Structures are given as structure tokens and as C-alpha cells.
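**Q** build the 3D model from these lines:
(2 chains)
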Amino acid sequence: MNLLTISGVSLTYHSKTNETLALDNLSFDVKDGEFVSIVGPSGCGKTTILSLASGLIKPTSGEIFVADTKVTRPSSKIGYMFQRDNLFEWLTIQKNVLLGLEILHKKNKQTEAYAYELIKKYGLNSFEKHYPAELSGGMRQRVALIRTLASRPEILLLDEPCSALDYQTRLVVQEDIWSIIRQEKKTALLVTHDISEAISMSDKIIVLTSRPGRVKTIIDLNFDKSLSPFERRKQPEFSKYFDMVWRELI
Amino acid sequence: MKQNFSAEHKKYLNKLKTQTALTHIARILLLALIVGLWELMASSGLVDPFITSSPSRIISKLTEMFSSGSIWQHISVTLYETLLAFLISTILGSLVAILLFMCLPLKRILEPYLVVLNSLPKIALGPLIIIWMGVGTSAIVTMGVLICIVITTISMLNGFLEIENEKIMLLKSMGANKFQILFKLILPASLPNFISVLKINVGMAWVGVIMGEYLSSKAGLGYLLVYGGQVFQLDLVMTTIVLLCVLAGLMYMIIALLEMYVNKKRK
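**A** Prediction:
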């Protein structure tokens, strides 16, 4: 079943001096339970795709569906995770995690219990009452992911969630995000400029052309499903896929 | 974990302590030096205490005013006006800032007016205020409010606009409406900015109120200043200035304590 369908989407940005075609007749879909990455040269409108899918902006033409419902505005079916964790410094970790539920007026015993379950399951219970400033970059990003998951979205949109981190932390957080998403059986669409991140985490890579962004090619990754990102990096296929993506990008 | 410091670290801490102590001592010495020199020059006839007053004259004036109790009325009048001007301008100015933020077209329309109002010397409105508000407390408070309110609005609004757009997008992606964004993000994130506005307003409210009292008043510290100047009682003028320093300093300290409390709560 297709959870996310992007169908013939184009987007033009307007500014005083210019109009820019950012995306041109883009079509692809993400199936239920799939982990899909989008890579492309910088400025090809990768992040724009996520803004469109989340309903934050409207396409100039074309349509977007999430679980067969047309996307017209943000909804709780979609969980958007940004480049930076955007934790609210004045709220405790616990309250940060509950933020989405509060906004949706869905804070009740049941949903809170689910959020606490996530907090506990992913080792944040000892930090519950702490403030974000007391956490490391990797931990903060984990909180951001749990915050996104707490409102039970059907699909996660990840906008370069590791790019603001140093290299070692990035590897840890990639492992973290991948395993949490897998355990929670969520569908994810990841945007990244990091080729090895895309290969190590996803089932399928969509390569975009430079601006205006079009689908250049789609590469299916056939790793053993149980291999974690770190283990995938050690597989012989890894460098083969790296080469394939690299060649498409230049 | 406090006990496990190395000898080197203890040495470093001691150095910090000495530094703080020395700073305090130097501050007190500086004050003593100025007061002492002033007193010496006045009593030796190097300067005329009729023009410059002197610390001992100020002290005797203070004791006189406090023992007769006459000063309390002036202090309470000015303090009341200042607090009122401070509160009204802070609340009203912040509300206007919120309104402009929530309705950005209005902000675009009003921007040039704000700029002009901000650069206008508010004292120029003195005659109008007296004619419109009448002589007395309301005119003085109005002057105080006028001085503080525009800068409050501008600083608060700039603070709102500087909040990271990604955080706003995050809330929007969660389906938040304008008011949720305001109450969940904009206002709590603006608390540090709000406190720095309070700090500015404490000083500005005093400026406005003393200026207002210069324009028209029957009591208050500003009144004492004008009166003292007119009858050439420099002792009274100096004493009032000392009192103003103490009162304004105290009010500033209260805000500084509030800031410390907020920072501690927020880490």
C-alpha cells in the first residue's frame, strides 16, 4: 500500500526579482513501512519536498496524498523532524515530548502513557525532568525523534536530522533513528546530502536532478533487513551502491 | 563532588575569590575617595558649599527631612508615579507588540510611525500633555508612559521576530494555530528579552516621571529638585539626587533578582 504519493508536483518560488522553478513534475511514492531517502545536489529542492508533504506549503501544481487523503494542511498523520532538534529550552524533556499532543489537544491518559512508554523504552526516563541544555547533541536529537513519534504519525519526514552533529555523534544518531523507526514500524522519508547516510539507513534511494528537481533515478537497496546502518557500512555492496549514487549525482 | 578538587583548582578558586573581594574593596574605596575629597574641598573653602553642597550637609539635610517626616510624602508620590508608569508602559507596550506580531500587515503599516515616535523627544509633548491631562499625577504618569512605551513595543517586537523560524515551522507542522504558537513558543521564548526590557524601563520610567514633575507638580522628588534649584538650596537638590540614586538602584536590583530567579528556574 502506498502511504505517501507525490503525483506530478511542481513548485515555483517567487521573489521580487525572480521566479524559480524548484520542483518540476515530481512523482514518486513511499510504501507502508518503507524507509526512503532522497538525495540530490544542494539546492535541488529536497527540503521543499518535505515541506510540501507535511502540508506546510502548497504545490504550484500536482497532488500529494498521505494514506489516500489529499494533503492540504499539516495533520497528525505526518511527523516532521527538522535538521536541528528545536527542543524548547524552557521545558523539561518530558514536556518537550508531550508538546505535539498538547498542540493537537490529544493529551489524555492513553496518549501520555504511550509517550512515557517511548521515553522509557528509549532510555530517556532518567532525563525526564531535565532541561534540554543538560543533554548531549545526540540525546537531544533522540528526544526530538521521540517527540515526533509521541503523536503517533503514520509517516515520518526527516530533514537531514544528523547534519548538525559531529561525525561520531552522527553515526550514533543514525543508528539510533534507524533502530527506533524500525522498532516502531514506522514509514520514513529522509532527505540528506550524505550519500553513505542514505545507503546505510534506507530501503530505497531517490536521486534528484539539480534544480529544477526531478526524479533522476530510483535505486533499490538489497541489504539483509536485519543489518543496522553500522553493519551495512561494512558490506561489500555498500561501496557498489555508493558508486551508483555518486555517478548519478555528477 | 565539591570535595574532590585538586590543589591547583582550589588555588584557582581562591584567586577568583580574591579578585571579587578586591573589586568590592576598590568600589567602596572609590566612593569613599570621592565623598572624602568633596567634604575636604568644601570644608577647607576650596569650593563653595553653597554651590556644591557637601556630604555632611547632605547627611544633615537627610536627617532633618526624615525626622520631620516631610520626605516620605515626596518619595511616595514619585515612587507611586514611577511604578504606575513602569507597569502601564510595560504591559501596554507588550500588548501592542503582540498585536503587531499577530497581525503583520498592521506592523508593516505602522512601522514608520513607530520609528518617528521613537525618535521624537517626548518632552516636546509636555505642553500638550498638560493641556490634555490637566496638571497633576495623570500628566506625570502619561509622560513616564510615553517615554517607555514605544521602546518597549519595538524591543519586544524585535525579540518576537528573532525567534527561530524553524521552531515556528515545527509547531505549524504539528498543526498549531496562531494562538498556540504565541502561547507555546513566542511568549515563553521572549521571557529573557522581556526582562531586559524591564531593566531598560526601570530607568526610563524614572526619567519620564522626573521630567513630568519638572513640567508640573505639587509634590515629589522632581518637585523638590525644581524647588531646590529655584530657591538656590543646593543641599536640597543634592540630597534629592542621592535619594533618587538609591531608589532607582533598589528598583533595578529587584528586577535583577527577578532575572536571577527566572534564570535559575530555566537553568
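
**Q** if I look at whichever residue of chain A sits closest to chain B, how far off is residue A:47?
**A** Ranking the residues of chain A by distance to chain B (C-beta to the nearest C-beta) places residue A:80 first, at 3.9 Å. Just so you know, the C-beta spots here come from the backbone N, C-alpha and C atoms, and that holds for glycine as well. As judged by C-beta to C-beta, to the nearest Å, residue A:80 and residue A:47 stand 11 Å apart.

**Q** same thing with residue B:72?
**A** With C-beta to C-beta as the criterion, residue B:72 and residue A:47 are 65 Å apart.

**Q** between these two, which is the more surrounded one?
**A** Each of residue B:72 and residue A:47 has its neighbours counted (other C-beta atoms under 10 Å in any protein chain shown); residue A:47 has more, 17 against 11.

**Q** which residues of chain A lie near chain B?
**A** A:51, A:54-56, A:73-76, A:78, A:80, A:82-84, A:86, A:88-90, A:99-100, A:102-104, A:131, A:133-134, A:151 (C-beta under 8 Å from any C-beta of the partner chain).

**Q** so which of the residues you listed sit within strands?
**A** The strands, defined by DSSP state E, take in A:78, A:80 from the residues of chain A next to chain B.

**Q** for chain A, what's its nearest residue on chain B.
**A** Closest point on chain B to chain A, by C-beta to the nearest C-beta, is residue B:173, at 3.9 Å.

**Q** list the contacts of that residue.
**A** Residue B:173 sits next to A:54-56, A:74, A:78, A:80 when contact means C-beta atoms under 8 Å, 6 or more residues apart in numbering or on different chains.

**Q** pLDDT added to these, as a markdown table?
**A** Output for the contacts of residue B:173, formatted as a markdown table (pLDDT from 0 to 100):
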| residue | pLDDT |
| --- | --- |
| A:54 | 91 |
| A:55 | 90 |
| A:56 | 91 |
| A:74 | 88 |
| A:78 | 90 |
| A:80 | 93 |
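
**Q** export those as TSV, with columns for distance to residue A:17.
**A** Listed next are the contacts of residue B:173 as TSV, based on distance: C-beta to C-beta, whole Å:
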residue	distance to residue A:17
A:54	28
A:55	28
A:56	24
A:74	30
A:78	33
A:80	30
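
**Q** now residue B:238: how far from residue B:82?
**A** From residue B:238 to residue B:82 the distance is 20 Å (C-beta to C-beta).

**Q** ok, the two, which is more surrounded?
**A** Remark: of residue B:238 and residue B:82, residue B:82 carries more neighbours, 26 against 20, as counted by other C-beta under 10 Å.

**Q** my read is that the more buried one contacts residue B:204, right?
**A** No - between residue B:82 and residue B:204 there is no contact under C-beta atoms under 8 Å: 10.1 Å.

**Q** show the buried residues in the residues of chain A next to chain B.
**A** With neighbours counted using 16 or more other C-beta atoms under 10 Å in any protein chain shown, the residues of chain A next to chain B contain these buried positions: A:51, A:54-56, A:74-76, A:78, A:80, A:82-84, A:86, A:88, A:90, A:99-100, A:103-104, A:131, A:151.

**Q** which stretches of the chain aren't confidently modelled?
**A** In the absence of a named chain, chain A is used. Judged by pLDDT under 70, chain A has no weakly predicted residues.

**Q** that answer is for a different chain, and I need it for chain B
**A** B:1-3, B:266-267.

**Q** helices along that one, start to end?
**A** Under the criterion DSSP state H, helices of chain B are mapped to B:7-43, B:49-52, B:55-68, B:70-102, B:104-119, B:126-133, B:137-162, B:165-173, B:178-181, B:187-189, B:191-215, B:221-230, B:234-266.

**Q** counting contacts, what elements does the second one pack onto?
**A** Packed against helix B:49-52, as judged by 3 or more C-beta pairs under 8 Å, 6 or more residues apart in numbering or on different chains; DSSP states H and E, are the following elements: helix B:7-43, helix B:234-266.

**Q** quick check, central residue of chain A?
**A** Central residue of chain A (C-alpha atoms, centre = their mean): residue A:158, 1.5 Å from the mean position.

**Q** using the three-state scheme, assign the residue nearest to residue A:186 when sequence neighbours are not counted.
**A** Nearest-residue entry for residue A:186: residue A:156, 5.4 Å, with adjacent residues in sequence omitted and distances by C-beta to C-beta, 6 or more residues apart in numbering or on different chains. Look at residue A:156: counting by DSSP: H, G, I helix; E, B strand; the rest coil, its state is strand.

**Q** ok now do residue A:156, which residues does it touch?
**A** Counting by C-beta under 8 Å, 6+ apart, residue A:156 has contacts A:79, A:81, A:148-149, A:181, A:186-189.
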